[in-house]
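Trainee: one predicted model, sequence on top.
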Amino acid sequence: PDNGVTNAQSPMRLFGQPEAAVRVTLFRDNHAWCPYCQKTWLFLEEKQIPYRVAKVTMFCYGDKEPWYKRIVPSGMLPAIELDGRIITESDVILASLEEAFGPLNGASMAKITAQRQLERQLFRAWCEWLCYPSSSAQEERMAQQ
C-alpha cells in the first residue's frame, strides 16, 4: 500500500499497513502551525501508527468548520478519533495513544507530563499576549510579570 508522503499535506499515512488498519484520525490545523498538533503528529510518525488527517481552521484564522464543531464543540485543536472515541488536549491524546499503541521509545509518559504541562502554560500565556492585547496599562503590567 501507498504510505502517503511525509509532509503536512498528506491526508493519510499507512506505514506499510492496509487502509483497514487505520484506527486514528488526527484533526489538525490547515497550515501545520499549531505546536500541539505537531506534537501529536510527531508521536504518530515516530510510532508509525497508521492515521488519517482532517484539517481544521485555527481560531486565529477564522471560524471553525461546522462539521468540526459538531464533533468537538469547543473547537479545540488538536483532537483525534481513536477507535471511534474523540479525544482532545494534546497530553491526553498522547497518553491515550501510548495506552493503545505502547510507549514511545520505552519512555513513560509519567516522566515527562510535568514538563509538558509547564510548556503548555508558557505557550498559553504567549498566545494570550499575542492574540488578546491588554486593554489597560494595569493589564499590561500584570502580563509582563
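Mentor: Thanks, I have it.
Trainee: now the helices for this structure?
Mentor: Taking DSSP state H as the test, the helices found in the chain are 35-47, 66-71, 90-101, 109-131, 137-144.
Trainee: the first one to helix 109-131, inter-axis angle?
Mentor: Angle between the axes of helix 35-47 and helix 109-131 is 150 degrees (criterion: axes from the mean of the first three to the mean of the last three Cα atoms, to 10 degrees).
Trainee: now do helix 35-47: which elements does it pack against?
Mentor: Identification of packing neighbours for helix 35-47 by 3 or more Cβ pairs under 8 Å, 6 or more residues apart in numbering; DSSP states H and E yields strand 24-29, helix 90-101. Every residue, glycine included, has its C-beta placed from N, CA and C.
Trainee: just put the helices of the chain in a markdown table and tack on distance to Phe59, mean pLDDT and mean neighbour count.
Mentor: A markdown table is the format used below for the helices of the chain (distance: least, Cβ to Cβ, whole Å; pLDDT from 0 to 100; neighbours: other Cβ atoms under 10 Å):
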| stretch | distance to Phe59 | mean pLDDT | mean neighbour count |
| --- | --- | --- | --- |
| helix 35-47 | 13 | 93 | 18 |
| helix 66-71 | 12 | 97 | 12 |
| helix 90-101 | 16 | 93 | 18 |
| helix 109-131 | 8 | 73 | 12 |
| helix 137-144 | 20 | 66 | 10 |
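Trainee: if we can go back for a sec, let me have the helices and strands packed on helix 35-47 in TSV, extended by distance to Tyr36.
Mentor: Shown next, in TSV, are the helices and strands packed on helix 35-47 (distance: least, Cβ to Cβ, whole Å):
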stretch	distance to Tyr36
strand 24-29	9
helix 90-101	4
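Trainee: which one of these lies closest to Arg52?
Mentor: Closest approach to Arg52 among these (Cβ to Cβ): strand 24-29, 4.5 Å.
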